[in-house]
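Asks: Got a predicted structure plus its sequence, pasted below:
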Amino acid sequence: MYRKISRDVKLAAINLHEHQHLALEDILACTGFSESTFWRILKLWRETGDVVRHTFGIRGRPRTLHCDDVLYLVHLVQHRPEWFLDELLRLLDTNRFISVHYTTIHRELTRVGISLKKLKRIAKERNEEKRMNFLIRMSQYSPEQLGFLDETSKDERTAGRLRGRAATGQHGMAASSVVEGSFTTVKYLEFLQSTVVFATVFALSWTFVCPRNGQCENTPQRGCRGIDRSLW
């Protein structure tokens, strides 16, 4: 079991031995360490003038990547933030002749304050003034007056959408159309008139409001709830 010996005890043992105040057996009995330890301490004393080995600089394994190498990685990330670690590893090996593991690159980037984030694309034509004007114009309508449209494309590699969004507790009303090629303005207006408006009017025509708040006795709607939205 490792036991740390204080510097004062080592110095006392060396002084007793060099001045021949005690025999070696008595010195070992007083200090409590082995003969091999004593000779190792004596050798260190004669080589360095001290009984303790001093370390200089940073302890531990030296880093593989130096400051210039890390700065090179930072410049690469600033130029292409979407590059993967294996791509950075290949560039580091090709341009600076340093072969390291990709975890080393991740650790060095984290140490200089670069973390992994989700990329977000911002449209070049985005205009904050137009966005604000749109919000002001749309704020005059109530939520019931708003309708939302979405478009998608499909080929042999894409599957149909299985989910849609609606308010909690309600079913969404979907009106869809499939066209081959581009959805032109004429096709879009025809879709609004013949499909979206028709589906909305058809659903509203089936909305039944109970005059007795669901307490009907002699009507076919006995036990009905306030509003039947079976098609919504």
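Replies: That came through, no problem. Numbering: from 1, shown residues only.
Asks: Residue 139 versus residue 132, what's the distance?
Replies: In this view, residue 132 and residue 139 are 11 Å apart by CB to CB, to the nearest Å. Where C-beta positions appear, they are placed from N, C-alpha and C, glycine not excepted.
Asks: More neighbours: which of the two?
Replies: Neighbour tally, residue 132 and residue 139, criterion other CB atoms under 10 Å: the higher count belongs to residue 132, 10 against 7.
Asks: So which residues of the protein form helices?
Replies: Ranges of helices within the chain are 7-18, 24-31, 35-48, 67-79, 85-96, 102-111, 128-138, 185-191, 197-205, based on DSSP state H.
Asks: closest one to residue 60 among the ones you listed?
Replies: The closest of those to residue 60 is helix 102-111. By CB to CB, the value is 14.0 Å.
Asks: Can you name the residues in contact with that closest one?
Replies: Under the contact criterion CB atoms under 8 Å, 6 or more residues apart in numbering, helix 102-111 has outside partners 64, 65, 70, 73, 74, 77, 85, 86, 88, 89, 92, 115.
Asks: nearest to residue 144, of the helices of the chain?
Replies: Nearest to residue 144, of the helices of the chain and by CB to CB, is helix 197-205 at 11.0 Å.
Asks: before we move on, back to that, please pick the buried ones from the contacts of helix 102-111.
Replies: Buried subset of the contacts of helix 102-111 (neighbour count, 16 or more other CB atoms under 10 Å): 65, 70, 73, 77, 88, 89, 92.
Asks: Just confirm the third one contacts residue 92, I think it does.
Replies: I take that to be residue 73. Yes. Contact criterion CB atoms under 8 Å: residue 73 and residue 92 qualify, at 6.9 Å.
Asks: related to what we said a few turns ago, and which of the contacts of helix 102-111 is nearest residue 8?
Replies: Nearest to residue 8 among the contacts of helix 102-111, with distances taken as CB to CB, is residue 64, at 40.2 Å.
Asks: who touches the closest one in this structure?
Replies: 98, 100, 104.
Asks: Give me the PyMOL select line for these, limited to the buried ones.
Replies: Here is the PyMOL command that selects the buried residues among the contacts of residue 64 (16+ other CB under 10 Å):
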select buried, resi 100+104
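Asks: Return the member of the contacts of residue 64 nearest to residue 10.
Replies: residue 104 (39.8 Å).
Asks: pLDDT weak spots in the chain?
Replies: Across the chain, the ranges flagged by pLDDT under 70 are 1-2, 55-59, 119-125, 150-175, 198-232.
Asks: do that again at 80, thanks
Replies: Residue ranges of the chain with pLDDT under 80: 1-4, 54-63, 117-126, 144, 146-185, 188, 192-232.
Asks: Isn't residue 77 up against residue 114?
Replies: Yes. Here residue 77 reaches residue 114: they are 5.9 Å apart, a contact under CB under 8 Å.
Asks: Could you check how many residues crowd around residue 110?
Replies: 11.
Asks: one step back: now the helices of the chain as a markdown table including distance to residue 177?
Replies: Converted to a markdown table, those look like this (distance: least, CB to CB, whole Å):
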| stretch | distance to residue 177 |
| --- | --- |
| helix 7-18 | 88 |
| helix 24-31 | 95 |
| helix 35-48 | 88 |
| helix 67-79 | 44 |
| helix 85-96 | 43 |
| helix 102-111 | 48 |
| helix 128-138 | 24 |
| helix 185-191 | 5 |
| helix 197-205 | 11 |
